[in-house]
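[1] sharing a sequence plus its predicted fold:
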Amino acid sequence: MNPETNNFIEEHLNDDIHRLALQSARYPLVDMTFAIRQIAGMQKIKDKIPLFYHTKNIHFPLQLSLEQSSSESTAKYKSTLCEGKTFADITGGFGIDCYFISRRFSEAVYVERNEELCQLAKHNFKQLGAKNIKVIHADGVEYLQKMQKIDCIYLDPARRGKGGNKVFRLSDCEPDLEQIYSLLCKKASQIVVKLSPMLDIQLAIKSLPGTKEVHIISVENDCKELVFVIHNQNIENIKLIALNITKEGKYQLFDFFQKEENDCIPEFATRPGQYLYEPNTSILKAGAFKLISDRYKVQKLNKNTHLYTSDQLNTDFPGRIFEIIEATGNSKTDLKKLRTNYPKANINTRNYPLSVAEFRKKTGIAEGGDVFIFACKNIMEGNIIIIAKKITDKDEEQY
């Protein structure tokens with residue numbers, strides 16, 4: 001990177017890359033293709049991977065690799081799930097996970113079949129001072145077949161189908177975990193796998209015997225990834241850890257064993273109380289629908305309505321908390337009054353015959369405001385409407 005290109009990047013770091021690309025003739029000494037990629041990369045990772053953003057001379061790949069890479073917050077969390085002497089990431093990519101996890105090991109190997117990504121990783125690891133990572137340009141599965149047994153293998157299978165379509169089944173990922181699973185178990189004492197948040201957890205557990213823990217990771221209540229921690233042994237009772245990483249970087253954890261959820265008998269509400277609770281996204285994805293009621297002493301509205309209520313405020317509840325203004329029925333008269341009293345509101349439908357868009361069209365309620373409307377079923381399978389306002393202090397603390 002010549003001085004002109006470097007200066008151009010620094011001067012235009014916050015500019016529109018599409019507009020800059022049209023001005024290449026004005027800067028004959030600038031490697032515009034490289035500069036645009038660098039500027040685009042810096043803009044992309046400023047909040048997502050702050051360490052890389054603030055480290056000088058980090059180089060960036062094509063946008064797709066950046067979009068698929070982990071964030072710094074999720075990578076740091078994954079690094080707490082394993083440690084030892086030897087580690088290998090056999091699906092290297094941009095190297096975010098490899099870098100942060102490698103700090104828990106004496107020796108680390110980054111394996112990637114894309115030569116350009118290997119060159120970038122080698123350069124970036126040097127800038128980051130990661131002297132314990134060896135970069136290998138190879139196919140991950142071929143490398144796996146030849147390698148000696150190590151403490152931990154990490155992989156993040158590609159989840160893109162033909163034409164860039166997303167895929168959610170294990171068999172549609174590359175590499176195919178079901179095909180290489182026995183080989184993975186022979187080559188490492190522990191396997192850590194990052195998977196799509198859209199994946200069916202229970203189906204994946206059946207395909208990956210030996211799963212010890214499943215971590216459901218959300219960032220600011222947006223579910224980002226599933227992480228399976230697999231040990232080379234039979235596990236009878238699998239632990240699920242629902243994690244929400246707040247805007248401030250704090251961890252909100254709700255962990256449980258599958259058997260606990262299966263055996264739990266929740267308490268149901270005969271009517272909505274004074275407060276309404278909505279579990280965070282990770283808890284809902286983890287399927288802790290009954291345990292959340294038992295642990296936080298809140299009542300469930302319906303078996304398939306994953307909303308909870310109480311007359312006493314529980315500020316420790318891991319999710320959004322609302323104070324109920326009123327609860328009504330679902331008749332035409334009720335809906336007409338609803339539109340009159342609340343012409344603007346945030347609408348949620350849970351276990352209800354209409355989607356949000358359909359409900360909004362039927363009632364004519366505009367989007368926005370500080371009122372929340374929850375259309376759902378109660379314990380008697382009747383459709384009810386709950387109108388509420390967020391308890392702001394708690395909500396801001398969580399998200």
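    Ah, there it is.
[2] from here on, just use CA atoms for contacts and neighbour counts.
    Will do.
[3] show me where the stretch 101-250 of the chain has strands.
    105-112, 133-137, 150-155, 188-195, 211-219, 222-231, 239-245 (DSSP state E, counting those that start in this stretch).
[4] doesn't residue 9 make contact with residue 38?
    Yes: contact between residue 38 and residue 9 holds when scored by Cα atoms under 8 Å: they sit 7.2 Å apart.
[5] how about stretch 347-356: buried residues?
    Across stretch 347-356, burial judged by 16 or more other Cα atoms under 10 Å covers 347-352, 356.
[6] could you dump the residues you listed into TSV and include distance to residue 311, pLDDT and secondary structure?
    Below are these laid out as TSV (distance: Cα to Cα, whole Å; pLDDT from 0 to 100; DSSP: H, G, I helix; E, B strand; the rest coil):
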residue	distance to residue 311	pLDDT	secondary structure
347	23	97	strand
348	22	96	strand
349	22	96	strand
350	21	94	strand
351	23	95	coil
352	24	96	coil
356	27	96	helix
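[7] which two in the residues you listed are spaced the farthest apart?
    The most widely separated members of the buried residues of stretch 347-356, counting by Cα to Cα, are 347 and 351 (13.4 Å).
[8] just to revisit the earlier point, the buried residues of stretch 347-356 into TSV, with extra columns for distance to residue 384?
    Shown next, in TSV, are the buried residues of stretch 347-356 (distance: Cα to Cα, whole Å):
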residue	distance to residue 384
347	13
348	12
349	10
350	10
351	11
352	9
356	14
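[9] and residue 51, helix, strand or coil?
    Of the three states, residue 51 takes helix under DSSP: H, G, I helix; E, B strand; the rest coil.
[10] okay, now it: neighbour count?
    13 (other Cα atoms under 10 Å).
[11] where does the stretch 101-250 of the chain dip in pLDDT?
    Filtered on pLDDT under 70, the stretch 101-250 of the chain yields the residue ranges 160-168.
[12] one more pass at 90, please.
    Along the stretch 101-250 of the chain, the parts satisfying pLDDT under 90 run over 158-174, 209, 232-237, 247-249.
[13] which other residues reach stretch 83-96?
    61, 65-66, 69-72, 75, 98, 102, 104-112, 117, 120-121, 139-141, 143-144, 150-157 (Cα atoms under 8 Å, 6 or more residues apart in numbering).
[14] at 7 Å instead, please
    With contact meaning Cα atoms under 7 Å, 6 or more residues apart in numbering, stretch 83-96 is reached by 65-66, 69-70, 75, 98, 102, 104-112, 117, 121, 140, 150-157.
[15] only the buried subset of the residues you listed, as a ChimeraX command please.
    Filtering these down to the buried ones (16+ other Cα under 10 Å) takes a single ChimeraX command:
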select :66,69,70,75,98,102,104,105,107,108,109,110,111,112,117,121,140,150,151,152,153,154,155,156,157
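[16] given the longest strand along the chain, what are its sheet partners and their directions?
    Looking across the chain with DSSP state E, the single longest strand is strand 366-377. Strand 366-377 has its sheet partners listed here by DSSP bridges as strand 344-350 (parallel), strand 383-390 (antiparallel).
[17] let's test this: mean pLDDT of it, rounded?
    Regarding strand 366-377, the rounded mean pLDDT is 96.
[18] counting neighbours, what do you get for residue 54?
    12.
[19] give me the phi and psi for it.
    Reported as degrees, to the nearest 10, the phi and psi values for residue 54 are phi -90, psi 0.
[20] gap between it and residue 281?
    From residue 54 across to residue 281, the span is 31 Å (Cα to Cα, to the nearest Å).
[21] same thing with residue 303?
    As judged by Cα to Cα, residue 303 and residue 281 stand 18 Å apart.
[22] same thing with residue 297?
    Separation of residue 297 from residue 281 (Cα to Cα) stands at 19 Å.
[23] ok, now residue 255?
    14 Å.
[24] okay, these two: which has more neighbours?
    Neighbour count, other Cα under 10 Å: between residue 255 and residue 281, residue 281 has more, with 22 against 18.
[25] leaving out chain neighbours, which residue sits closest to the more buried one?
    Closest residue to residue 281 apart from its sequence neighbours, by Cα to Cα, 6 or more residues apart in numbering: residue 221 at 5.6 Å.
[26] the one you found: how many residues sit nearby?
    By other Cα under 10 Å, the burial measure for residue 221, its neighbour count, is 21.
[27] can you tell me the SS state at residue 256?
    The three-state assignment at residue 256 reads strand, by three-state DSSP.
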